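Participant: Any chance you could fold what I've pasted below:
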Amino acid sequence: MWGSVQEQTRLANVPRDIEPLVRPVLLGELALAPIARLPTGVDELDRVLGGGLVPGSVVLIGGEPGIGKSTLVLQALAGLSASGRALLVTGEESLAQVHSRSARLAANTDHVAILAESQLERVVDAITEHDPAVCAIDSIQTLVSDAAEGTVGSVSQVRQATGALMRLAKERNIVILLVGQVTKDGGLAGPRMLEHMVDCVVTFEGEEMRAHRILRATKNRFGAINETGVLEMRGEGLVSVSDPTGLFLAEVGERIGSCIFPVIQGSRAMLVEVQALVGATEVVPPRRVAVGVDRTRLAQVIAVLSRHAGFRLGDQDVFVSVAGGARAIDPAADLAMALAIASAHRGTPLAAGSAAFGEIGLTGGVRPTGHWSRRLGAMSAHGLTLAIAPAMVSESAEEPPVGLEISSVGDITQALAVACPR
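Facilitator: Residues are numbered from 1 along each chain as shown. Below you'll find the predicted structure:
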């Protein structure tokens with residue numbers, strides 16, 4: 001009570017046991033075996049993770065509600081249960097709901113152990129007793145601990161649960177899969193520290209009206225962060241798409257405002273379709289809409305076309321998107337965007353069987369980009385015959401793929417003359 005004095009007992013200092021001094025070791029003296037990864041049986045998930053799950057790691061999988069996170073985790077546990085113990089802790093669904101989902105999956109989930117619990121301390125005790133190789137928590141926002149303040153899903157509760165599970169994973173050398181919900185802004189719910197604490201952050205994306213889903217690793221301490229996996233949602237569950245190009249180019253053809261671009265996604269190159277629409281408008285300023293491409297680079301490409309190629313786009317709306325929900329954030333997509341816009345503005349399709357890549361500078365020059373050999377290989381593998389690329393590509397000592405003609409361009413006007421002549 002304010003203004004009063006209350007007697008308190010002062011605890012005596014209890015001497016701690018003297019622990020041996022911890023000494024650092026030299027990296028060259030460590031003789032560690034190579035990391036043995038655990039394949040999940042979901043090929044595209046293994047690709048994004050770098051080859052499988054690493055024992056002792058904590059992986060966070062985030063995505064919109066209903067996107068298929070629980071289905072993905074259950075299929076992964078089914079594959080892992082064939083060679084070791086797998087445990088699913090569900091705080092959002094009952095055992096009957098999880099069983100109903102498993103019944104429609106093609107994967108064999110009979111050996112996956114399930115626990116419906118949201119109390120953190122009980123979950124930790126169950127994991128310790130069951131001693132699985134992999135444990136999935138669906139979801140981390142449902143766990144609550146008596147040691148932390150706040151309601152279920154609050155910042156303090158999520159931090160406490162993640163910290164406890166992370167320590168358990170390191171101590172017992174097991175894999176912890178955390179399913180995370182997202183906010184209205186598309187970010188993972190909970191403290192930002194959550195992404196820093198875990199070893200790997202995987203986002204699961206897709207559109208409600210599309211069957212395919214895209215996995216992206218935004219953080220991975222044991223692999224590349226630019227790897228992408230594509231899966232298709234079917235009645236029997238998620239199926240890995242081994243050839244994403246066939247999915248993204250399913251409807252491509254010689255159409256106005258369309259240009260094929262070879263995008264690099266981690267260890268593979270795949271082809272996507274960059275589409276553009278240009279139309280007159282009375283709105284000032286005109287709209288510049290970018291879907292799947294960098295909005296800033298789109299504005300730069302439009303400025304270069306206006307200044308160095310004579311396009312009058314000041315009274316035109318320009319819409320650019322990547323078909324199929326794919327992304328082309330790479331600066332090498334500049335040339336494909338420019339050619340798609342030029343095709344839409346002139347009303348003429350680009351040269352048949354062509355694809356383009358290259359970074360466009362402010363002076364209108366087309367600059368070389370990385371991974372050009374892999375880009376050319378993807379074009380040749382899918383039957384394209386003309387590659388519009390920076391000049392350095394043709395000057396390289398490496399032989400181009402058989403059947404693929406390389407048209408070297410130094411600036412945007414040369415590229416337009418090859419791909420979209422008047």
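
Participant: Describe which strands the longest strand belonging to the chain pairs with in its sheet and in which direction.
Facilitator: As assigned by DSSP state E, the longest strand anywhere in the chain is strand 268-280. In the sheet, strand 268-280 lines up against strand 258-265 (antiparallel), strand 316-322 (antiparallel) (DSSP bridges).

Participant: Residues contacting the shortest one, please?
Facilitator: Contacts with strand 316-322, where a contact means CB atoms under 8 Å, 6 or more residues apart in numbering, come from 272-281, 283, 286-293, 298, 302, 328, 337, 340-341, 345. (Glycine included, C-beta is placed from N, CA and C.)

Participant: Try it again at 7 Å.
Facilitator: For strand 316-322, the surrounding residues in contact (CB atoms under 7 Å, 6 or more residues apart in numbering) are 272-281, 286-293, 298, 302, 328, 337, 340-341.

Participant: CA atoms only for the helix or strand just after the longest strand of the chain, dumped as CSV, please.
Facilitator: Next in sequence after strand 268-280, counting helices and strands by DSSP states H and E, comes strand 288-291. Taking Å, rounded to 0.1, in the frame of the first residue of the first chain, the C-alpha atoms of strand 288-291 are listed here in CSV:
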residue,chain,number,x,y,z
ARG,A,288,1.9,2.0,-62.6
VAL,A,289,0.8,-1.4,-61.2
ALA,A,290,3.4,-4.1,-60.5
VAL,A,291,2.5,-7.7,-59.5
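
Participant: List the buried residues of strand 288-291.
Facilitator: For strand 288-291, the neighbour count (16 or more other CB atoms under 10 Å) marks residue 290 as buried.

Participant: For residue 417, the count of nearby residues, please.
Facilitator: Neighbour count for residue 417, taken as other CB atoms under 10 Å: 12.

Participant: looking at this, it is in a helix?
Facilitator: Yes. Assigned with DSSP: H, G, I helix; E, B strand; the rest coil, residue 417 falls within a helix.

Participant: residues contacting residue 242?
Facilitator: By CB under 7 Å, 6+ apart, the contact set of residue 242 is empty.

Participant: Sorry, wrong one. I was asking about residue 60.
Facilitator: Counting by CB under 7 Å, 6+ apart, residue 60 makes contact with 178, 180, 194-195, 198, 200-202.

Participant: Over to residue 70?
Facilitator: 101, 138, 179.

Participant: With residue 74 instead?
Facilitator: 88, 101-102, 105, 109 are the contacts of residue 74 under CB under 7 Å, 6+ apart.

Participant: which SSE is it in?
Facilitator: Residue 74 is part of helix 69-80, with elements assigned from DSSP H and E.

Participant: Report the backbone C-alpha coordinates of that helix in CSV.
Facilitator: C-alpha atoms of helix 69-80 as CSV (Å, rounded to 0.1, in the frame of the first residue of the first chain):
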residue,chain,number,x,y,z
LYS,A,69,0.3,-25.5,-43.6
SER,A,70,-1.2,-28.2,-41.4
THR,A,71,-1.5,-30.5,-44.5
LEU,A,72,2.2,-29.9,-45.4
VAL,A,73,3.4,-30.6,-41.8
LEU,A,74,1.3,-33.8,-41.6
GLN,A,75,2.6,-35.1,-44.9
ALA,A,76,6.2,-34.3,-43.8
LEU,A,77,5.7,-36.2,-40.5
ALA,A,78,4.2,-39.1,-42.4
GLY,A,79,7.4,-39.4,-44.4
LEU,A,80,9.6,-39.0,-41.4
